[in-house]
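Visitor: next comes the sequence, and after it the predicted model I'd like to discuss.
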Amino acid sequence: LDIVGDGKLDLSELAPLVKQYNELLKDNNALRKNQKLLGATTIFFGIATIVATVIAIMESKETVICSDGLLASKNTGIPVITQSMGVHIVSELHGDYDYETAEVKRVAATYKLNI
């Protein structure tokens, strides 16, 4: 820094440092501005993603619950009618006794099925 070599720093010798400091200060301000802009953009897109997800979920529903508690079609308002497609048997085997066979026969007798 001591260009003259007299052991002292003159204003002329400090001028390049002051100039470099001011340039770095401008660069820092530009970087801060960019960080704030990127932060705001990230927050905006985060909120937009959540809103778009909620809208997509609401629009993809095909059924609604009516005021009387019935499940109805979203477009027509007609209640959904379900029909049984048969009997499903779930049983467990315990020990030596064959509960599964006994349960199947009991269910078959109840519903008059031929097994």
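Guide: Great, that's in hand. Numbering: from 1, shown residues only.

Visitor: tell me the spacing between residue 27 and residue 20.
Guide: Distance, residue 27 to residue 20, using CB to CB, to the nearest Å: 11 Å. C-beta coordinates here come from the backbone N, C-alpha and C atoms, glycine included.

Visitor: residue 70 now?
Guide: Residue 70 is 76 Å from residue 20, by CB to CB.

Visitor: so for these two, which sits in the more crowded spot?
Guide: Neighbours were counted for residue 70 and for residue 20 using other CB atoms under 10 Å; residue 70 has more, 14 against 10.

Visitor: the nearest residue to the more buried one once chain neighbours are set aside bridge partners, please.
Guide: Computed as CB to CB, 6 or more residues apart in numbering, the closest residue to residue 70 that is not its neighbour in sequence is residue 79, at 4.4 Å. For residue 79, the beta-bridge partners are residue 72 (DSSP bridges).
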